[in-house]
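Participant: this one's sequence-less:
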């Protein structure tokens with residue numbers, strides 16, 4: 001008999017060369033002691049260790065029996081490994097979790113309760129531990145609702161891009177999964193069902209609960225050129241002639257994308273033609289309507305790129321120095337003013353007792 005029969009939730013974990021982190025995630029799941037609710041599929045992207053043996057060495061037989069491991073014969077790339085997770089779901093609801101994250105206590109009860117209360121909702125998005133800003137769930141019906149929530153600081157761009165805070169109702173997303181697969185090269189296939197909901201004005205739920213803990217990757221370095229070029233391809237999506245919705249969506253996704261790191265990496269590209277292509281692609285898609293200061297950085301970058309001067313690098317050093325100096329001044333003022341504030345507060349409170 002198949003072990004996934006009767007489970008309401010499939011957890012798919014894309015992983016690559018992160019044994020310690022994967023075991024930590026699986027232990028956080030095991031701790032919940034609700035094995036009857038979920039089935040786990042591990043998508044091993046040709047890691048340099050035996051994933052199956054590692055899991056067997058750390059967990060009981062009953063837990064291991066509830067885990068299926070799919071070993072890719074070669075490294076298919078992180079984007080595809082995440083995007084293809086939709087193909088491995090064995091239940092109505094799917095939860096894709098990054099191998100370096102951890103689930104929060106009571107997460108399964110929260111998810112099950114929400115899915116029972118809202119069986120027609122196609123997509124649930126949750127908050128990351130420590131980042132919830134409002135004690136309310138919000139039904140998002142269109143791009144205006146989505147933008148207004150962002151302007152209210154209900155979420156940040158990182159919350160949208162995050163892989164592990166999404167629950168998919170696949171019975172309602174049947175026509176949307178193909179978009180996630182087809183545009184997996186965008187590096188954000190996990191949030192394309194959300195974009196489809198916005199395009200079709202299909203309501204989805206952003207829940208205030210924190211169900212996942214984010215752990216920053218250990219020793220990994222973000223490739224900002226790869227992220228910028230792949231993220232910009234979101235603009236390729238043209239479903240029902242809704243470019244305005246797609247553009248608004250991308251503007252939020254890229255709102256806090258670090259331009260200085262991106263341009264620094266561009267300056268390291270030896271092929272000048274490709275360097276020009278990449279920098280223009282990033283600026284025209286991710287920074288088209290951003291602040292004047294960002295374009296100052298770009299002008300200095302162009303000057304460096306064409307002449308070999310270090311004006312851009314010098315500007316960054318000055319900015320870093322001034323920021324550090326400001327922080328030191330702020331701390332000094334705080335250390336001076338705060339004791340006086342405490343003394344005044346004691347005197348005032350004492351006079352009113």
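Facilitator: Received the coordinates, thanks. Just so you know, these numbers come straight off a predicted model, no measurement behind them. Numbering: from 1, shown residues only.

Participant: what about stretch 131-150, distance to the chain center?
Facilitator: Centroid displacement of stretch 131-150 relative to its chain, using Cα atoms, centre = their mean, to the nearest Å, is 16 Å.

Participant: gap between the two ends of that stretch?
Facilitator: Start-to-end span of stretch 131-150 (Cα to Cα, to the nearest Å) is 13 Å.

Participant: try stretch 25-35
Facilitator: One end of stretch 25-35 to the other measures 15 Å (Cα to Cα).

Participant: what are the ranges of the helices in the stretch 151-300 of the chain?
Facilitator: 157-161, 177-182, 192-200, 224-231, 243-253, 259-267, 272-286, 292-307 (DSSP state H, counting those that start in this stretch).

Participant: quick one: pLDDT of residue 219?
Facilitator: On the pLDDT scale, residue 219 is placed at 61.

Participant: just to revisit the earlier point, any idea which of the helices of the stretch 151-300 of the chain gets closest to residue 77?
Facilitator: Among the helices of the stretch 151-300 of the chain, helix 224-231 comes nearest to residue 77, with 10.4 Å by Cβ to Cβ. Placement of C-beta: from N, CA and C, glycine included.

Participant: the inter-axis angle of that closest one versus helix 243-253?
Facilitator: 160 degrees (axes from the mean of the first three to the mean of the last three Cα atoms, to 10 degrees).

Participant: returning to that earlier point: minimum distance to residue 214: which of the helices of the stretch 151-300 of the chain has it?
Facilitator: It's helix 157-161; of the helices of the stretch 151-300 of the chain, that one is closest to residue 214 (Cβ to Cβ) at 8.7 Å.

Participant: The longest strand along the chain pairs with which strands?
Facilitator: Ordering each strand of the chain by length in residues (DSSP state E) puts strand 204-213 first. Using DSSP bridges, strand 204-213 pairs in its sheet with strand 102-103 (antiparallel), strand 123-128 (parallel), strand 138-140 (antiparallel).

Participant: Kindly reformat those strands as a markdown table containing mean neighbour count, distance to residue 37 and mean pLDDT.
Facilitator: Formatted as a markdown table, the strands paired with strand 204-213 follow (neighbours: other Cβ atoms under 10 Å; distance: least, Cβ to Cβ, whole Å; pLDDT from 0 to 100):
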| stretch | mean neighbour count | distance to residue 37 | mean pLDDT |
| --- | --- | --- | --- |
| strand 102-103 | 23 | 12 | 98 |
| strand 123-128 | 22 | 15 | 96 |
| strand 138-140 | 18 | 25 | 97 |
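
Participant: got TSV for these, with distance to residue 279 too?
Facilitator: Shown next, in TSV, are the strands paired with strand 204-213 (distance: least, Cβ to Cβ, whole Å):
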stretch	distance to residue 279
strand 102-103	37
strand 123-128	31
strand 138-140	34
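
Participant: now for those, which one comes closest to residue 34?
Facilitator: strand 102-103 (10.7 Å).

Participant: Give me the helices and strands touching whatever helix or strand comes next after the closest one, please.
Facilitator: Heading C-terminal from strand 102-103, the first helix or strand you meet, by DSSP states H and E, is helix 107-117. Contacts defined by 3 or more Cβ pairs under 8 Å, 6 or more residues apart in numbering; DSSP states H and E place helix 107-117 against strand 9-15, strand 93-96, strand 123-128, strand 166-169, strand 204-213.

Participant: what comes into contact with helix 107-117?
Facilitator: If you take Cβ atoms under 8 Å, 6 or more residues apart in numbering as the criterion, helix 107-117 is touched by 8-9, 32, 34, 37-38, 93, 95, 121, 124, 126, 137, 167, 169, 205, 207, 209, 211-212.

Participant: same thing but 10 Å
Facilitator: 8-9, 11, 28-29, 32-38, 92-93, 95, 103-104, 106, 121, 124, 126, 137, 167, 169, 205, 207, 209-213 (Cβ atoms under 10 Å, 6 or more residues apart in numbering).

Participant: likewise stretch 27-37?
Facilitator: 3, 6-9, 11, 13, 38, 40, 58-60, 62-63, 65-67, 91, 93, 97, 101-109, 111-112, 212-213.

Participant: that older thread, buried set for the longest strand of the chain?
Facilitator: Of the residues in strand 204-213, 204-207, 209-213 count as buried by neighbour count, 16 or more other Cβ atoms under 10 Å.

Participant: Spatially, which residue comes closest to residue 233, not counting chain neighbours?
Facilitator: The shortest distance from residue 233 to any residue that is not its chain neighbour, by Cβ to Cβ, 6 or more residues apart in numbering, is 4.7 Å, and that residue is residue 186.

Participant: Would you mind measuring from that neighbour to residue 285?
Facilitator: 11 Å (Cβ to Cβ, to the nearest Å).

Participant: which neighbours do the two share?
Facilitator: Counting by Cβ under 10 Å, 6+ apart, the residues touching both residue 186 and residue 285 are 229, 231-235, 250.
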